[in-house]
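> make a model of this:
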Amino acid sequence: MKISSIILFIFPLFILASQASDLKGSRPNIILMITDDQGYGPIGANGHPWIKTPNLDRMHGQSTRFERFLVSPTCSPTRSAIMGGRHPLKNGVTHTILERERMSLSTMTVAEHLKDAKYNTGIFGKWHLGDEAKYQPNNRGFDEVFIHGAGGIGQSYACSCADAPGNKYFDPVIRHNGKFVKTKGYCTDLFFTAALGWIKKMKESDDPFFAYITTNAPHGPFIAPPSNTKRFKDIGFGNTQAGFYGMIENIDENVGRLSAQISEWGLDKNTMIIFMSDNGMTGGGSGRPGKEVAKGYPFYNAGQKGL
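The predicted structure follows:
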């Protein structure tokens, strides 16, 4: 299994080069967005021939980019490294199932460190670092928790905790601050809406916020709103690729919505946005390099090796 190179870009809405010295001792708001199984290639800025991501492209063009930033091959190890600031093995995370996704309770998370610095903290989307109570994000430094269970919406594996039975990408059951609630809408839209609602409240606080928005998309099964899949089906892609690409365009729409609200609320002068994927593409990109995703449409991976 190869480790893919995943682009991470930091979009400091508040900073120009000439202002860097003014940031000493400041406490900017932080928004960390992690998508699931997106990889490097599937954004317009990296040359993807079919996906349109104008909001991510704009952020890409205005950001500091880490193009040799490497992640683990699977979800939980990468997430533990980001949350714990150390190698996944030191966090006790070696896989995504069979209880090997549990992050050691001795690991102090970035949320806990930020709480010590008087930040408000919230997570919206995917946790995947332990579903038992003591491993849950509300016990790992997060004040506001709006998440699905397991490693994906509707996932269930033997010997591992599962998501809510029969959960779907539309109208999913979500764990909100320890209580299960039935929602209405598409999962990615719901996560961003919840994050924005919380940020709106936090902007009245004297303390900064850390919002961890971690989408289930574009993890399989590849299901997106019809408005996001139609264009791809019209040009000849099957349901799998149309779903995968549509999920990414839906993420882009939500990134645009987030950026617009941050500016409208006057938070753009003091907010840092970080965007990354947890690992390389899975089957949604086409399945295998060299294979066509549809008749006349070859696989595209922006020159990266492996998926």
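> when you work out contacts or count neighbours from here on, use the C-alpha atoms and nothing else.
Will do.
> show me where pLDDT drops low in the stretch 151-300 of the chain?
159-160, 282-300 (pLDDT under 70).
> let me see the ranges of the helices in it.
Per DSSP state H, counting those that start in this stretch, the stretch 151-300 of the chain carries helices over the ranges 187-202, 226-234, 239-264.
> repeat for the stretch 1-150 of the chain
54-62, 75-84, 110-116.
> so which of those helices comes closest to Phe142?
helix 110-116 (6.1 Å; CA to CA).
> which strands and helices sit next to the closest one?
Where contact means 3 or more CA pairs under 8 Å, 6 or more residues apart in numbering; DSSP states H and E, helix 110-116 is packed against helix 75-84, strand 120-125.
> mind giving me CSV with those and columns for distance to Gly266, mean pLDDT and mean neighbour count?
Shown next, in CSV, are those (distance: least, CA to CA, whole Å; pLDDT from 0 to 100; neighbours: other CA atoms under 10 Å):
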stretch, distance to Gly266, mean pLDDT, mean neighbour count
helix 75-84, 28, 91, 24
strand 120-125, 18, 98, 26
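> which one of those lies nearest to Ile30?
So among the helices and strands packed on helix 110-116, strand 120-125 is nearest, using CA to CA, at 9.5 Å.
> and for the closest one, what's in contact with it?
111, 114-115, 137, 141-148, 188, 191-192, 194-195, 198, 202, 207-216 (CA atoms under 8 Å, 6 or more residues apart in numbering).
> in the stretch 1-150 of the chain, where is pLDDT below threshold?
In the stretch 1-150 of the chain (pLDDT under 70), the answer is 1-25.
> strands along this protein, start to end?
Secondary structure of the chain (DSSP state E): strands at 8-12, 29-35, 64-66, 120-125, 144-147, 173-176, 179-182, 209-214, 271-277, 292-294, 297-298.
> tell me which of those sits most buried.
strand 120-125 (a mean of 26; mean count of other CA atoms under 10 Å).
> now it against strand 29-35, angle please.
20 degrees (axes from the mean of the first three to the mean of the last three CA atoms, to 10 degrees).
> partners of strand 120-125 in the sheet?
Sheet pairing of strand 120-125 (DSSP bridges) gives strand 144-147 (parallel), strand 209-214 (parallel).
> how about the ones you listed, which one is nearest Pro28?
Closest to Pro28 of those, according to CA to CA: strand 209-214, at 8.0 Å.
> point to the residue nearest the middle of this protein.
Closest residue to the average C-alpha location of the chain: Ile34 at 2.3 Å, with CA atoms, centre = their mean.
> list the contacts of stretch 94-104.
74-77, 80, 88, 91-93, 128-131, 135, 151, 157-161.
> I'd like to know which of these are buried.
74-77, 80, 88, 91-93, 128-131, 135, 151, 160-161 (16 or more other CA atoms under 10 Å).
> on that earlier part again, closest to Lys230 out of the helices of the stretch 1-150 of the chain?
helix 54-62 (18.0 Å).
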